[in-house]
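>>> My questions are about this predicted structure, shown below with the sequence.
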Amino acid sequence: MTLSSFIFGRLAWDQLPHSAIAWGGSLTVIGGVLAVVIAITVTKRWGWLWREYATSLDPKRIGIMYIAVAAIMGLRGLSDAVLMRTQQALAVGSNPGILAPDHFQQIFSAHGTIMIFFLAMGLLIGLINIVLPLQLGSRDVAFPFLNSVSFWLFFAGAALANVSLVLGDFSAAGWLSYPPLSELAYSPGTGVDYWDWSLQIAGIGSLLTGLNFLMTIFTMRAKGMRFMRMPIFAWSVLGSMALVIFAFPILTATLALLELDRMLGMHFFTAGGGGNMMMYVNLIWAWGHPEVYILALPAFGIFSEVVPAFSGRRLTGYVSMVYAVVAIAFLSFIVWLHHFFTMGAGADVNAFFGIMTMIIAVPTGVKMFNWIFTMYRGKIRFTSPMLWFMGFVVLFTMGGVTGVMLAEPPADFQFHNSLFLVAHFHTMIISGVVFGIFAGFTYWFPKIFGFRLIESWQVRAFWSWLIGFILAFGPLYILGFMGATRRLDHYTDPSWQPLFITAGIGASIIILGVIFQAIGLIASIRRRHELADTSGDPWDGRTLEWSIPSPAPFYAFAAEPVVAARDAWWDEKQRRAAGEAQQPRAYADILLPKRSAIGVVLGACAFFGGFGAVWHLWWLFALALLAAAVALTRRLLDDDTEYLIPAHELARLDAAQRSHADAA
Amino acid sequence: MLRRIRQLFPFFVLAIALAALAWFSLHAVLPVLAPAGPIGTAERQLMIDVVSLSAIVVLPVFALLFGFAWRYRDRGQEAQQDEWKHEHIAEFVWWLVPAAIICALGSLAWSSSHALDPYKPIVSDTPALTVDVVALDWKWLFIYPSEGIATVNDLEIPAGRPVSFRLTADAPMNSFWVPALGGQIMVMPGMETQLNLMASTTGTYEGYSANLSGEGFAGMHFPVRALTEGSFDAWAASVRAAPANPLTPDAYAALAKPSMNVQPIAYTSVAPELYESVIMQYMMPQGSTTDAMTGMTMPMPAAPAPAASTPGMATSSASASMPDPIVAPMPSMQM
């Protein structure tokens, strides 16, 4: 090894982007980062950002950071989608389109990776961070410092994935990078390494988050909140995080084995040398299928909060819902093979996994009926969260039918890897996860920021999303029946083109929806004073988060709530209305975590360590490991991590809040 | 009035979008829904059965959703808080109905998985034609053992006669799919999968590569020509009679090198056991992918024929029972 290869590893000038569009991507990243840095500097907000957010251990602040980072990553994923739609609308016959095959393949690999790991996971974990402790009547999560570490690992993973826009390539082997294509023999560049290391870092963050939320639910519930009194959202998070702690270690191990193949010439998944690529495919889907439900369960939980709130009724079939969550969580671990029925595993194996897959439709169907019957005899306010719910039921049910079609192994032989499949999973994830997140974001927005979002922009966004979705993915179902496979950078059959163009139009209408959401957000911020939520309970809510002021104060609950029933806040409101005497608030001294910079440091270590590993800069990798060990040791030796708010101070803050609310 | 129009506008756009999709589906050629062989037809029937059974749940869901949404929209009424009569019976029903339908769909899954097992030979009066398929970077090689010929990116089959495919890859994993004939099967280096299809009528269909395998993957599609038995024999004879273009191990090694958008090629003869040796090169204890991509100079001794009746990745068992291969030029693993 020469000195320069030790210092620079694989770094070289020719790793900079080659095409105009690739340059566009890197300049957008560089420009975006510069713009943010300049904006913060000009407004002199570095100190504020550092104190109030970056080093904060308050789950509400961490949640906001997750949502912000996920939203930015979502825009990246969306631009990837636009490029893909443009390419496929053009690249028929002799027209090569705007992207070279390799570049196109990087773009769809990045799109899938980013949308699942950094958009959907980020938005959900962000919302859960804010809402879960409040719903449980708790001030914090079980491990506040770990929470900060999780976020900064997530951030480091996201940042590393974006560095590939400027230096080197991203993976061109699909969002799950199947070997042997992802092995060194066929993907010698840095792409798969960027993919592997950024997911490895973010994945460990998710695993820690899973542990944290799970322990929060086990240990931090308010007095009187038995398991069967927990809000269904909390139950859904419980199911989802149980899946995280079982599934993410599989991902971590699989990514590590792939990286061992690539870095040390091992043969876990290679073609030849004793490797077996199907072992990878089994392992990655043993994580991948639970991952679908890790995303879907919390979104189901959001609908379980939104529908009762806007129907003015309790949730129908609470106990059924709990069993459904548990059943879905369990079943999601024994269906992974349906992602590759075409492997040739034999009829018995295929039939088993097909039947298990269909059984998931039973608890899911029960949830549907429970939501719909919650509307029965209610008083339904069609706010935008309810519109997202209506759209969700329609699309998710249709997607469910296509899902059952895919679950019949012989039918799957005709759908596998076709655009029918692509349309199916986008139906499930956009309606089941993304619509759920939008509903939850609008619903909890006042609790997070203290004012409501303007409804008219939300409604416009909803219709654009719904119509755009139908136009973007309807054609893909048809194209699947025509024999179009996924991931084509180019095709020869001219009869496919009108459908691809329609899909492009649909994608543009979705973009319009996103623009409406952005305008709505900005307009709402400008009119925040007239939209202010002074009651703390703008929707006549049912769960504990609505019992405290908006935005939720840093201490969350001035006095610890005592829960006597399901829908604890609704129950208390009923009792107050009935004239029942209220207990005087029992204030007590509380301890809150001090802010800590160690999370940021560990995130930085992960980022540079990952960067070092991608480029074979082993000195950087070693330095990052060392720095992480030092930072962690320092934290472990630090006993002074909490500060006290005395009871009288809490009483004063609470009184101030309430007089403010009365005045408004 | 204007307000009413504004309210209805999104529904109007929605209707146009759905109408456009309906128009497209009625005017498109849909090989999956209009297959030309018994396997594809049976698979289509399965899709129709699934959709019909699902409709038993889906239609009530839609009816209840929109019915309740309209009936209980906010008109200033009070929401009823109490449990309604028979709520628990109703809840029991909506566990039971989906469960019953899933039982029906599940038994369908069991029977159809066995009936349409891709490894299962198609019952027919005429014996099946065997075609050995090798997915390469980025083209398909079709070897016709009974005819002693081979083609690239051009599959010719006799109509009305079953075709028994044995498939492998000498490149990243792929998937072999001819939607007009029936479902696909994955192809993997070092392993063999099988697929049985049949064209009922003559015609030209399109075959696809359904699994991302690298840069040239989009160009890996091929025409599938189903000919009458007589025309097929005539075609095979014409290939054999053409100026000699044998698929020797050297010619194969050249072919296996990555190339994109490859035009059809016909080989007048094929080296013996070529297909088996393509699989077996990955079975060498010290073989490596790099060698496999470049080094195939010598056909390996015949591997024991994989048991056709065993579903699963048949050749994975072959490495254990294989005699010591005589392979001098097999370089050791490169790190």
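Good, I have the coordinates. Numbers count the residues shown, from 1 in each chain, chains lettered A, B, ... in the order given.

>>> Now for residue A:282: which residues touch it?
Going by Cβ atoms under 8 Å, 6 or more residues apart in numbering or on different chains, residue A:282 touches A:336-337. For every residue, glycine as well, the C-beta is placed using N, CA and C.

>>> quick one, phi psi at it?
Main-chain dihedrals, residue A:282, degrees, to the nearest 10: phi -60, psi -50.

>>> measure it to residue A:288 for me?
For residue A:282, the distance to residue A:288 equals 10 Å [Cβ to Cβ, to the nearest Å].

>>> which residues do the two both contact?
In contact with both residue A:282 and residue A:288: residue A:336, using Cβ under 8 Å, 6+ apart.

>>> Near the closest residue to chain B within chain A, how many other residues are there?
Nearest residue of chain A to chain B, counting by Cβ to the nearest Cβ: residue A:413, 2.1 Å away. Applying other Cβ atoms under 10 Å in any protein chain shown, we find 25 other residues in the vicinity of residue A:413.

>>> so it touches residue B:179, yeah?
No: at 9.8 Å, residue A:413 does not count as touching residue B:179 under the criterion of Cβ atoms under 8 Å.

>>> Name the nearest residue to the residue of chain A closest to chain B, ignoring sequence neighbours.
Leaving out its chain neighbours, the residue that sits closest to residue A:413 by Cβ to Cβ, 6 or more residues apart in numbering or on different chains is residue B:183, at 2.1 Å.

>>> contacts for whichever strand or helix holds that neighbour?
Per DSSP states H and E: residue B:183 is located in strand B:182-187. With Cβ under 8 Å, 6+ apart as the test, strand B:182-187 has contacts from A:340, A:342-344, A:410-414, A:416-417, B:35, B:37-40, B:42-43, B:116, B:118, B:133-135, B:165, B:167-169, B:173-178, B:193-195, B:197, B:210-211.

>>> likewise stretch A:321-334?
A:228, A:232, A:235-236, A:238-240, A:242-243, A:246-247, A:286, A:289-290, A:292-293, A:297, A:300, A:304, A:315, A:353, A:356, A:359-360, A:362-364, A:366-367, A:370.

>>> Could you tell me which residues make contact with residue A:90?
Residues near residue A:90 by Cβ under 8 Å, 6+ apart: A:97-98.

>>> Tell me how many other residues surround the residue nearest to residue B:90 when sequence neighbours are not counted.
Leaving aside its sequence neighbours, residue B:90 sits nearest to residue A:373 (Cβ to Cβ, 6+ apart; 7.1 Å). Residues lying near residue A:373 (other Cβ under 10 Å) number 23.

>>> Name the helix or strand for residue A:373, please.
Per DSSP H and E, residue A:373 falls inside helix A:347-375.

>>> What is the subsequent helix or strand relative to that helix?
helix A:384-407.

>>> So is that next one next to chain B?
Yes: for helix A:384-407 and chain B, the contact criterion (Cβ under 8 Å from any Cβ of the partner chain) is met by A:390, A:393-394, A:397-398, A:400-401, A:404-405, A:407.

>>> so what's residue A:205 up against?
Here residue A:205 is in contact with A:149-154, A:157 (Cβ under 8 Å, 6+ apart).
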